[in-house]
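Q: fold the following and give me the result.
(chains A and B, ligands or ions: 2)
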Amino acid sequence: MNRRSQDAPADTRRRRFIVAVSRATMAAGLLGGYGVFGSVLGRFLYPAGDSGTVWQFVTPTDRLAVGDSLIYTTPAGAEVHVTRRDDTGATGDFTALSNVCPHLGCQVHWQPQHNRYFCPCHNGVFDREGRGVSGPPEGMVLSGYPIEVRGGMVFIKVEATPLVVPERRS
Amino acid sequence: MTALSRWIDGRIPIEPGALRELTNEPVPYHLKRWWFALGGTPAYLFVVQVVTGVLLAFYYQPHPSTAYESVRYITEDATFGWYLRSVHKWAATLMIAAVVLHQLRVYFTGAYRKPRELNWMVGMLLLICTLMLGFTGYSLVFEQLSYWGATVSANIADTIPVVGGFLKRMLLAGEAYNERTLARFFVLHAAVLPGFLVALVAVHIALVRIQGVTELRFRDEPPQEEGKFPFIPDHIYTELIIGLVLMVLLSALATLAPATMGPLADPMTTPEEIKPEWFFYVTFRWLKLMGGTAAVLSMGLIVFVMFAWPFIDAWFRRRTPFREASVWIGVAATLLIIGMTVWEALVPH
Ligand code: HEM
Ligand code: FES
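A: Ligands and ions are numbered 1, 2, ... in the order given. Model (predicted):
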């Protein structure tokens, strides 16, 4: 009798402690388990791997005179205006204007009659240097592709894989 | 009790009285006016979308190399494919229109005020969910405008500070539109968003049921007892009639103006004239006027204000002498939206 009533508080305390610990363990287990599962789901949905760009050979440097430009078609089919602006033999001589509008990514095209690049999506206009002169991309520039001169040859870094689009069946 | 009802009662012991109590809500008299029943219209159209959408999914193939051809097959070769596709498209259009009209009705009758603030916010989520369904559905066809619309939208997401790049990659399954992008749009369109929509509608209706609809009285109403009529069968009849009228309307629209196909997507050329679907004309015009991050941030602010409107309105009514400010703000906003939509519709660029 006496023993029991003395032990009771310790007993309850111990029991409370055990309950608390097991609750915490349970909660941690649930959180940890489903947390890991959730992060697996997230990682699965997030695109894996890099975007698949490659360095492509464009032209030997001496084939392009200062002021000249050529149109290079990438493996993915994009047209790139590559222009030589200087004659130092360094990378800075060349620009490779992307035709991807810096505003929201539509394709700009060259309008010879207006001497400008035009983006039909939101009426963006660029001068022949690729500087945005009106519309939303005003003040932005048509970004260049990364460009490099190695051993007298010009390379640019471009998307390697095209989006497979079939011909329209007629 | 018949043998059958005894048999059922032995297994599913639900009291008929309780069931009636639960489902048969007394409806205030003003719901006899059809424009107050507009909330039921998107719900009906959603069922149409699920039925026609599941059918379309039997033939649709979400891959850039086959998507366009599969939609062409649905439209030109599959028996009644043109009809189902056109009904799906028209029901989408009407559904968005109905949601907007429903929201306008709620707004101008002040039905979002205490205690219904939360249900207004659920309604906003429903609006966004519906618009996203329209957007992802349109992207599935893989014609020029769907392709460029998706590209532009993903890049809009990209301009959101901090999380933009992440959102874009999640949406496109990569840095740019690629082989895996359409599958994402398809799953969002046909599974994830409809799932969200169903859950939201359930909460929406549960809240309507708990709070009751806002009571309004028109002068010419019969002085009925408490001004209520029973949900079953009266309101069900109204909804059945609305459903039939919609079915006739959808079939007529599908026959007179069937869904067509624009030119196949070409990642190398943006078409000269590019437009989203009509319900994004407002945002599209806004984008042309503002450009860049400013447009996105201001749009986010507008959506936030719409979400928080019940609280902003309550503040107006408590703290300022302009108790009816909401009406004038609503009229101005509606006119602005209509104006910008018409503007966008009329000009090529
Ligand atoms: C509120 C719900 C929905 C809305 C607003 C909606 C909207 C749209 C729109 C605008 C299109 C493009 C139509 C076209 O140009 O042909 C579309 C296509 C499609 N939708 Fe839905 N949809 C909804 C629900 C569903 C559901 C639940 C499914 C399937 C379970 C589905 C499956 C499809 C399929 C397979 C297509 C591509 C075929 C085609 O374009 O003809 N949709 N949807
Ligand atoms: S994407 Fe070129 S102006 Fe907007």
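Q: where does the closest residue to chain B within chain A land on pLDDT?
A: Closest to chain B within chain A is A:P136: 2.9 Å, counting by C-beta to the nearest C-beta. Heads up, the C-betas are built off the backbone N, CA and C, glycines and all. We have a pLDDT of 84 for A:P136.
Q: for chain B, what spans make up the helices?
A: B:3-11, B:16-23, B:40-57, B:67-72, B:81-108, B:117-140, B:144-158, B:164-172, B:181-187, B:193-211, B:236-256, B:281-290, B:292-319, B:325-346 (DSSP state H).
Q: list the contacts of the residue of chain A closest to chain B.
A: A:103-104, A:122-124, B:287-288, B:290-292, B:295 (C-beta atoms under 8 Å, 6 or more residues apart in numbering or on different chains).
Q: mind giving me the ChimeraX select for those residues, buried ones only?
A: A single ChimeraX command selects the buried members of those (16 or more other C-beta atoms under 10 Å in any protein chain shown):
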select /A:103,104,122,124 /B:287,288,290,291,292,295
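Q: which ones, among the contacts of A:P136, also lie beside ligand 2?
A: Among the contacts of A:P136, the residues within reach of ligand 2 (C-beta under 6 Å from any ligand atom) are A:103-104, A:122, A:124.
Q: for the contacts of A:P136, which one is nearest A:P112?
A: A:G124 (17.4 Å; C-beta to C-beta).
Q: do I have it right that the closest one meets A:H109?
A: No: between A:G124 and A:H109 there is no contact under C-beta atoms under 8 Å: 11.2 Å.
Q: which neighbours do those two share?
A: A:F118.
Q: list phi and psi for A:V133.
A: Dihedral pair for A:V133: phi -110, psi -20, per degrees, to the nearest 10.
Q: state the distance from it to ligand 2.
A: 12 Å (C-beta to the nearest ligand atom, to the nearest Å).
Q: quick one: contacts for the spatially most central residue of chain B?
A: The centroid of chain B falls nearest to B:T130 when counting by C-alpha atoms, centre = their mean (3.1 Å). B:T130 makes contact with B:42, B:95-96, B:99, B:197, according to C-beta under 8 Å, 6+ apart.
Q: list just the nearest of those to B:W309.
A: Nearest to B:W309 among the contacts of B:T130, counting by C-beta to C-beta, is B:V99 at 16.0 Å.
Q: neighbours around the closest one, how many?
A: Using other C-beta atoms under 10 Å in any protein chain shown, B:V99 is surrounded by 23 other residues.
Q: residues from chain A in reach of ligand 2?
A: With C-beta under 6 Å from any ligand atom as the criterion, chain A meets ligand 2 at residues A:101, A:103-106, A:119, A:121-122, A:124, A:135-137.
Q: hmm, 5 Å instead?
A: Residues of chain A that fall close to ligand 2, judged by C-beta under 5 Å from any ligand atom: A:101, A:103-104, A:106, A:119, A:121-122, A:124, A:136.
Q: which one of the contacts of B:T130 is nearest B:I8?
A: Closest to B:I8 out of the contacts of B:T130 is B:L197 (32.1 Å), distances taken as C-beta to C-beta.
Q: ok, the closest one - how many residues close by?
A: The number of residues packed near B:L197 is 22, by other C-beta under 10 Å.
Q: repeat that for the one 5 residues further on.
A: One way to gauge burial is a neighbour count; for B:A202, by other C-beta under 10 Å, it gives 11.
Q: indicate the residue of the stretch 101-250 of chain B located nearest to ligand 2.
A: B:V152 (6.2 Å; C-beta to the nearest ligand atom).
Q: how about the spatially closest residue to that residue that is not a sequence neighbour, secondary structure?
A: Take B:V152 and drop its neighbours on the chain: the residue closest to it by C-beta to C-beta, 6 or more residues apart in numbering or on different chains is A:L104, 4.7 Å away. Three-state call for A:L104 (DSSP: H, G, I helix; E, B strand; the rest coil): coil.
Q: ok, A:L104 touching B:A157?
A: No: A:L104 is not in contact with B:A157 according to C-beta under 8 Å; the separation is 10.0 Å.
Q: how does chain A divide into domains?
A: A:1-46, A:53-159 (automatic domain parsing).
Q: can those go into JSON lines with extra columns for distance to B:I8?
A: Output for the domains of chain A, formatted as JSON lines (distance: least, C-beta to C-beta, whole Å):
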{"stretch": "domain A:1-46", "distance to B:I8": "39"}
{"stretch": "domain A:53-159", "distance to B:I8": "60"}
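Q: so what touches stretch B:40-51?
A: Contacts for stretch B:40-51 (C-beta under 8 Å, 6+ apart): B:87-88, B:91-92, B:94-95, B:98-99, B:102, B:126, B:130, B:133, B:194, B:197, B:201, B:238-239, B:242-243, B:246-247, B:250.
Q: returning to what we had before: give me the subset of the contacts of A:P136 touching ligand 1.
A: Answer for the contacts of A:P136 near ligand 1: none qualify (C-beta under 5 Å from any ligand atom).
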